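Novice: Turn this into a model:
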Amino acid sequence: MSTTINVSNDVTRIFDKTETLTGAYSVEHADSGKTFFLNAAAGAAISMPALKAGANYKFVVAAAFATSDWVVTPSDAGKLEGSLVVAGDAVTVAAGNSFTFELGAENVGDFVQNVASGNLLSSASCDFTPSSSVTLTERIIEPQELQVNLELCKSNYLSTWQAMEMGFSAYHEFPASFADFLIAHVAEKVAEEIEKNIWQGDTTGSAPTNHFDGFAKLIEAASNVNDVDSTSVTAANVVDELGKIVDALPSATYSKSDLKIYVSSNIARAYQRALGGFASIGTASNTVVGPSYQDQSFVGRKPMNFDGVDLVMCPGLADNTAVASPASNLMFGTGLLSDQNEVRIIDMAEYDGSQNIRVIMRMTAGVQFGIAEDIVLYNPA
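Specialist: Predicted structure coming up:
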């Protein structure tokens, strides 16, 4: 009889598998998921096993080199694909045979992560034979706690806000009509600030856009986003600029049904004017007014779509900025959605005898995106 004892060590389990290399090493499939720290003055050769879908390894420079390079060579020649960020620039790797951490160019912390992928389709058989795997990464939304604390004095509105409703006694009832106005006004202002934070938020910036990091900052920080440098958009060039955005979309992304181009107010205005026929076309010596949409010039709002993709005007986007992405790829996180629309008004007369009114809102908010490759960011270089 045998007894199996299962031991759980939660502290150890949260750490990745690691190994420090000080010389030549032959990586095995059993090492998949492991991080190797290259820690020797003299570099060495590292050989990789045959390709196997889903196998992944990470190599990190742990100490400065003194005499030679570290060279990592897969067993299958010409199979390295992807991109590297070198000195801040993305470098495309196509049919590569090896990657080298060069003496004199290394920095402690430099790393390369290698993931083997496979084809999804294979010839049919009676048996189950895995032909590939799916590698998942995660992005985390961290909603920030926000609040509104506002205090007003009723007496300030005695002569200017519906004196008949307010009454003339020493203790005035707060007028319901003004309470309704106040609720709508505060909720509208909060919505405007949240809209700006959704797109322009930067926690290292200044109010009112420093409550949480917005899409523009998060997307710009991703290395594999499709970037398009923007310019000052006018009715004369808006069609060309929107064309650059659509042209930068991957084919697979362009075919998605929920694809949108989120544009700033000035881009939307320029596009409406261009569709109205007020964009100049032709050469410098033969400039004429462009044709209008269905012969509508001043009358009627023109359809907000371009090359079959819906355009969405976002007042929170900075001028000359746009983001193209499937709508399902952009997420807004909050605790309770109703928190965004709830305003509490407290008449302080019942508590301290004053004529003050306090307006209170509490909420959480944050944003995050999913797949960087599905996004085109149009913004200044």
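Novice: State the phi and psi torsions of Asn210.
Specialist: phi -120, psi 20 (degrees, to the nearest 10).
Novice: Then Phe181?
Specialist: phi -60, psi -40.
Novice: now do Glu19
Specialist: Backbone torsions of Glu19, given as degrees, to the nearest 10, read phi -150, psi 140.
Novice: For Lys196, give me its contacts.
Specialist: Pro208, Thr209, Gly214, Pro315, Gly316 (Cβ atoms under 8 Å, 6 or more residues apart in numbering). To be clear about C-beta, it is placed using only N, CA and C from the backbone, and glycine gets the same treatment.
Novice: Could you do Ala274 as well?
Specialist: So Ala274 contacts Ala235, Ala236, Val238, Val239, Gly290 (Cβ under 8 Å, 6+ apart).
Novice: of those residues, closest to Thr364?
Specialist: Distance ranking of the contacts of Ala274 against Thr364, using Cβ to Cβ, places Val238 first at 36.6 Å.
Novice: Now do the same contact list for Tyr271.
Specialist: Ala235, Val238, Val239, Leu242, Val263, Lys302, Met304, Phe306, Leu311.
Novice: Which PyMOL command selects the buried ones in those?
Specialist: To isolate the buried ones among the contacts of Tyr271 in PyMOL, judged by 16 or more other Cβ atoms under 10 Å, type:
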select buried, resi 235+238+239+242+263+302+304+306+311
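Novice: Among the contacts of Tyr271, which one lies nearest to Lys34?
Specialist: Using Cβ to Cβ, the contacts of Tyr271 come closest to Lys34 at Val263, 45.0 Å.
Novice: Quick check: closest non-adjacent residue to that closest one.
Specialist: Ala322 (4.5 Å; Cβ to Cβ, 6 or more residues apart in numbering).
Novice: The one you found - how many residues pack around it?
Specialist: 25 (other Cβ atoms under 10 Å).
Novice: thinking it is in contact with Ile261, fair?
Specialist: Yes - the criterion here is Cβ atoms under 8 Å, and Ala322 meets it with Ile261 at 6.0 Å.
Novice: okay, and the common contacts of these two?
Specialist: Common neighbours of Ala322 and Ile261, using Cβ under 8 Å, 6+ apart, are Leu242, Ile245.
Novice: got the contact list for Ile46?
Specialist: Taking Cβ under 8 Å, 6+ apart, we find Ile46 in contact with Leu21, Ala24, Tyr25, Ser26, Val27, Phe36, Phe59, Trp70, Val71, Val72, Thr73.
Novice: And the fourth one, what's its pLDDT?
Specialist: Taken from the predicted model, the pLDDT recorded for Ser26 is 86.
Novice: For it, grab the count of nearby residues.
Specialist: As a burial measure, Ser26 scores 11 neighbours (other Cβ under 10 Å).
Novice: That one and Ser75: what is the separation?
Specialist: Between Ser26 and Ser75 the computed distance is 10 Å (Cβ to Cβ, to the nearest Å).
Novice: hey, what's in contact with both of the two?
Specialist: Counting by Cβ under 8 Å, 6+ apart, the shared contacts of Ser26 and Ser75 are Ser47, Pro49.
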